[in-house]
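In: Return atomic coordinates for the entry below.
(chains A and B)
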Amino acid sequence: MRCRKCGQQAVINMRHYKLALCASHYLEWFVERTERTIRKYRMFTHDDRILVAVSGGKDSLALWDVLLRLGYQADGLYIDLGIKGDFDYSARSRVKAQTFAALNPQARLWVISIPELYGESVIEVARRKRRGQRPCAVCGLIKRHEMNRVALEKGYTVLATGHNLDDEAAVLFGNVMQWKAGYLVRQAPVLPADGEGLARKVKPFCRFYERETAAYTLLRGIDYIYEECPFARGATSLAHKAILTRMEHQSPGTKLQFYVHFLRAKADGLFCEAEARPPMHPCPQCGQPTASDGLCSFCRLWAR
Amino acid sequence: MHVTYRERKWTFDEKLTVIQLLKRLDILPESVLVLRNGELVAEDQHLRPGDQVRIVAVVSGG
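Out: Down below sits the predicted model:
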């Protein structure tokens, strides 16, 4: 298998594009494609200050790396969730983020610790709220709140996450299977700032397969946390990913078509809110927007 | 060749291509990348006795 651009031995074959590339042309292709996605969805410009949510995993570290290579003003945010498991997951992933940051001194890494700020790890608060069987939802709520808070407090104009095509296709699949119309309307590569407390959110890797971001990270020699979060085992989203990967194996390009055609259908007005969303107002405690009458769902987590 | 994938290990004494190895282990090529002696290799590449092969799962998240 030869690189389509130079004829050297290819290191990766992307059947969905009928494209095989050598290491150097793959790295070039990956960076150029990221830039095209950023422009296609008008995610941000070189004037923006970007905060990259960095987990220590392959996607977020690859994203931070690509944005820096493209010359964007991109700093990182690592949120220590206090997850231990049997291999000290948070501590190890934090080291990966810090190691990357040390190699890129032009960028800054913000580190916040949920146990230090709020007195409990995400697992402890999930158990206290009797949601210990499914801590992922609590974890997601905490991360979204804290990413938004730090982005606004530190004056970043854009919050970027490393969500890839497999992530987006799995979420879409889950929402379609349950016809969650409200979620379908809001799934997009860009969620604009609302001017009332929500930062602009973007997903520059939304058109990359997970395999492609992993290949970029390996070829760039970026050290990332290979193990999954110990609490992700058995998660529905992983089951959906497995189903979609089997379909992809039978028919290359399935995930990309599923996601891209969804975005086109949405742009054509196929999906709309079933009913008007309730008005948002600032949470009396943290100030972030909420549709609840009292405290937002994040602040309710910590109320005892 | 010595093959590792997650916490599992195998040894094969014959020459195989990457795609043959994955088929034998019942692993979908779309879900992994394969490193031969630390270098990323495409599916048609040969793996020989003595090679250190690491199969890297690419799925993450929850």
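In: nearest residue to A:Lys180 other than its sequence neighbours?
Out: Residue nearest to A:Lys180 in three dimensions, not counting chain neighbours: A:Gly174, with 8.0 Å by Cβ to Cβ, 6 or more residues apart in numbering or on different chains. (Each C-beta comes from the backbone N, C-alpha and C, glycine too.)
In: so which helix or strand takes in that neighbour?
Out: Assigned by DSSP states H and E, A:Gly174 belongs to helix A:165-177.
In: buried sites along that helix?
Out: Taking 16 or more other Cβ atoms under 10 Å in any protein chain shown as the neighbour-count basis, helix A:165-177 is seen to contain the buried residues A:165-173, A:175.
In: Which residues outside the helix or strand following it are in contact with it?
Out: Beyond helix A:165-177 on the C-terminal side, the first helix or strand identified by DSSP H and E is helix A:181-186. With Cβ atoms under 8 Å, 6 or more residues apart in numbering or on different chains as the contact definition, helix A:181-186 has outside contacts at A:171-172, A:175-176, A:262, A:266, A:271-274, A:277.
In: Give me the neighbour count for whichever residue of the stretch 201-304 of chain A sits closest to chain B.
Out: In the stretch 201-304 of chain A, the residue that lies nearest chain B is A:Ala232 (2.5 Å; Cβ to the nearest Cβ). Burial of A:Ala232 is recorded as 18 neighbouring residues (other Cβ atoms under 10 Å in any protein chain shown).
In: which bits of chain B sit near chain A?
Out: When proximity is defined as Cβ under 8 Å from any Cβ of the partner chain, chain B approaches chain A at B:28-33, B:35, B:39-45, B:56, B:58-62.
In: Name the nearest residue to the residue nearest the centre of chain B, sequence neighbours excluded.
Out: A centroid search over chain B (Cα atoms, centre = their mean) returns B:Ile55, at 4.1 Å, as the residue closest to the centre. Leaving out its chain neighbours, the residue that sits closest to B:Ile55 by Cβ to Cβ, 6+ apart is B:Tyr5, at 3.9 Å.
In: Backbone torsions only: list them for the one you found.
Out: phi -150, psi 120 (degrees, to the nearest 10).
In: next one: A:Val125
Out: Backbone geometry at A:Val125, expressed as degrees, to the nearest 10, gives phi -70, psi -40.
In: Ok, A:Phe44 next?
Out: phi -170, psi 170.
In: In CSV, list the C-alpha atoms belonging to stretch A:103-112.
Out: These are the backbone C-alpha positions of stretch A:103-112, laid out as CSV (Å, rounded to 0.1, in the frame of the first residue of the first chain):
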residue,chain,number,x,y,z
LEU,A,103,6.9,20.9,25.9
ASN,A,104,4.9,23.8,24.6
PRO,A,105,5.8,26.8,26.8
GLN,A,106,4.1,29.3,24.5
ALA,A,107,0.8,27.9,25.8
ARG,A,108,-0.6,28.0,29.3
LEU,A,109,-2.2,25.1,31.1
TRP,A,110,-4.9,25.9,33.7
VAL,A,111,-5.4,23.1,36.2
ILE,A,112,-8.4,22.9,38.6
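In: quick one: that stretch to chain centroid distance?
Out: Between the mean C-alpha point of stretch A:103-112 and the mean C-alpha point of its chain there is a distance of 18 Å (Cα atoms, centre = their mean, to the nearest Å).
In: what's the answer for stretch A:153-162, then?
Out: The chain centroid and the centroid of stretch A:153-162 are separated by 13 Å under Cα atoms, centre = their mean.
In: Compute the first-to-last residue distance for that stretch.
Out: Using Cα to Cα, to the nearest Å, the end-to-end distance of stretch A:153-162 comes to 21 Å.
In: Then stretch A:248-260?
Out: Counting by Cα to Cα, the length from the leading to the trailing residue of stretch A:248-260 is 15 Å.
In: and that stretch, does that touch chain B?
Out: Yes - using Cβ under 8 Å from any Cβ, stretch A:248-260 comes into contact with chain B via A:248-249.
In: That stretch: which residues count as buried?
Out: Across stretch A:248-260, burial judged by 16+ other Cβ under 10 Å covers A:248, A:252, A:254-256, A:258-260.
In: And for stretch A:18-32?
Out: Buried positions in stretch A:18-32, judged by neighbour count with 16+ other Cβ under 10 Å: A:19-23, A:25-27, A:29-31.
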